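Enquirer: Here is my input, please return the structure:
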Amino acid sequence: MRRAWRLAPLLLALLVVPASAQQKVKEPKRPGINGDKNDARAYYQWGVSQMETYPEDAADAFYWAMRLEPGWADAYYARWVALYLADPDLLVLHWEGDSKTMKSAEVQRNDSLMLRALQLDPFLYEKFQRNMWRHVIEQRVKRRYPNLDQAELEDAVRDYTSTGDAETKAVVAYATGNLPYALQEWAADLPSEKDKSWVHVERGRIFYLLGAYDSAAAEYNTAMKDLRALDKKYLVAVYDSKALHEQSLGMIYEKLNQTDAARESYGRALEEDLSYAPAHIAMSNLDLVKGDTAAALSEMDIASQVAPNDGFLAFQYGRILLFAAHDAESLEQFKRSAKLEPYYAEPHIFMAAIYDNAGYTTEAMAEYTAFVNMAKSQDARVAKAKARLAKMSADSAAHAAPAEAATPPKPPKS
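Expert: Reported below is the predicted structural model:
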């Protein structure tokens, strides 16, 4: 049994969307959490607490975590999980890779969340895999034995898990955090798999999480070799995105301080898909480390063009432009980010600083105010922004006072 999101058609690669694009889905109301309404982590933690019992509410909470912090992979992943937990029948069909299900608009929209999460963090630890796995097994058992009571169902699930094959044991071990045992069971599963590439990817991701970067690189290189062989043999494109895997391999090489190899991997990702924005961003970061600001900006400009609706990318681009002292261009990117992600506080503090530095007091005060209203209360910059606002207000009042005093009083009426 192979996880279906690894099998989805290549079409899904075109559906990776930033948080702002989720506006096309009806925007849910903000859950009544007990915490800071501007804190993505507060929504996330509340969502986790509701996931098993009220997955629909959890999905809404994760939506708002995405909107408040659009660069946070865990929020996208958690919403992806919750949406499937809310529909157990769809979850099972998805997990089994049912072709009609995988082509449905709902699944493609849902899976765009997982793809986005992996693009933001290819080595994201999928901590809720156990939740999904349990629900799949429960539904399968119910299909076969519809009259079981809850206690019997739990016993059946426990038996299925404990007596399962190597893949089952690997999934359970990974989900419970026993990564070394997961590696062992994935290795035991390899001989039974016709397409071994995805198992090598699973092992590579685990090795990366364990800090064994040489082993991670070896697994990914083997996976890529197998995937290229499959392409030549079957002449079909499946969603085992080689662009994503090359991005992952590039990150591994960066950990090994092999920057040339990393650049080659990101280049191969772009050979697979020239519009793959994460590879352009990664190349830009390598250029910055090398001190080639012009090349870094060029890569970010391309990334911005191929992903024009990505507000988080616009924010990243704005930061690099600001670092390069391109204040005017930086301001435009921050404005674009704020428009695409209207709940994201970060662009506003940067715009405030740019306006403040240039002497545009009214605009600076407006952006400082926006940041204070949108940022989480624990952000240390909130107090600094409030202090700056207070000083700017005082300065404005002080400058206005002499002008008022110099105005002669009107003569009294006779």
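Enquirer: Give me the helix or strand of the chain that scores worst on average pLDDT.
Expert: Scoring the helices and strands of the chain by mean pLDDT, DSSP states H and E places helix 150-162 at the bottom, with a mean of 79.
Enquirer: which strands and helices sit next to the helix or strand that comes right after that one?
Expert: Note on helix 150-162: by DSSP states H and E, the next helix or strand toward the C-terminus is helix 166-175. If contacts are counted by 3 or more CB pairs under 8 Å, 6 or more residues apart in numbering; DSSP states H and E, helix 166-175 sits against helix 129-144, helix 150-162, helix 179-189, helix 197-209. Backbone N, C-alpha and C define where each C-beta goes, glycine included.
Enquirer: on that earlier part again, now do the least confident helix or strand of the chain and helix 129-144, the angle between them.
Expert: Inter-element angle recorded for helix 150-162 and helix 129-144: 120 degrees (by axes from the mean of the first three to the mean of the last three CA atoms, to 10 degrees).
Enquirer: Offset the numbering so it begins at 529, please.
Expert: Got it, first residue is 529 now, which makes that one helix 678-690.
Enquirer: buried ones in helix 678-690?
Expert: Of all the residues in helix 678-690, those buried under the rule 16 or more other CB atoms under 10 Å are Ala684, Val685, Thr689.
Enquirer: just to revisit the earlier point, just say which of the helices and strands packed on helix 694-703 is most tucked in.
Expert: Counting by mean count of other CB atoms under 10 Å, helix 725-737 has the highest mean neighbour count of those, with a mean of 22.
Enquirer: Distance from the chain centre to that helix, please.
Expert: On the basis of CA atoms, centre = their mean, to the nearest Å, helix 725-737 sits 19 Å off its chain's mean C-alpha point.
Enquirer: what does it contact?
Expert: Residues from elsewhere that reach helix 725-737 (CB atoms under 8 Å, 6 or more residues apart in numbering): 530, 534, 650-651, 653, 698, 702, 707, 710-711, 714-715, 717-718, 721, 741, 743-748, 750-752, 754-755, 758, 768, 773, 776, 779-780, 783.
Enquirer: and with 7 Å instead?
Expert: The contact list for helix 725-737 (CB atoms under 7 Å, 6 or more residues apart in numbering) reads 530, 534, 651, 653, 702, 707, 710-711, 714, 717-718, 721, 743-744, 747-748, 750-751, 754-755, 758, 768, 773, 780.
Enquirer: That one to helix 707-717, inter-axis angle?
Expert: 160 degrees.
Enquirer: could you give the angle of helix 725-737 to helix 694-703?
Expert: Going by the same axes, to 10 degrees, helix 725-737 makes 30 degrees with helix 694-703.
Enquirer: Skip ahead from helix 725-737 and say which helix or strand is next.
Expert: helix 741-762.
Enquirer: got the angle between that following helix and helix 725-737?
Expert: 160 degrees.
Enquirer: on that earlier part again, from the contact counts, what lies against the least confident helix or strand of the chain?
Expert: helix 657-672 (3 or more CB pairs under 7 Å, 6 or more residues apart in numbering; DSSP states H and E).
Enquirer: Kindly recompute the last result at 10 Å.
Expert: helix 657-672, helix 694-703 (3 or more CB pairs under 10 Å, 6 or more residues apart in numbering; DSSP states H and E).
Enquirer: The ones you listed: lowest mean pLDDT?
Expert: The weakest mean pLDDT among these belongs to helix 657-672, with a mean of 83.
Enquirer: Alpha carbons only: can I get that helix in PDB?
Expert: Presented in PDB, the C-alpha positions along helix 657-672 are these (Å, rounded to 0.1, in the frame of the first residue of the first chain):
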ATOM      1  CA  GLN A 657       0.500  10.200   9.600                       C
ATOM      2  CA  ARG A 658      -0.600   7.900  12.400                       C
ATOM      3  CA  ASN A 659      -4.000   9.600  12.600                       C
ATOM      4  CA  MET A 660      -4.600   9.000   8.900                       C
ATOM      5  CA  TRP A 661      -3.300   5.500   9.000                       C
ATOM      6  CA  ARG A 662      -5.600   4.600  11.900                       C
ATOM      7  CA  HIS A 663      -8.600   6.000  10.100                       C
ATOM      8  CA  VAL A 664      -7.800   4.100   7.000                       C
ATOM      9  CA  ILE A 665      -7.500   0.800   8.900                       C
ATOM     10  CA  GLU A 666     -10.700   1.500  10.800                       C
ATOM     11  CA  GLN A 667     -12.600   2.000   7.600                       C
ATOM     12  CA  ARG A 668     -11.200  -1.100   6.000                       C
ATOM     13  CA  VAL A 669     -12.100  -3.200   9.100                       C
ATOM     14  CA  LYS A 670     -15.600  -1.700   9.100                       C
ATOM     15  CA  ARG A 671     -16.100  -2.700   5.500                       C
ATOM     16  CA  ARG A 672     -15.300  -6.300   6.200                       C
END
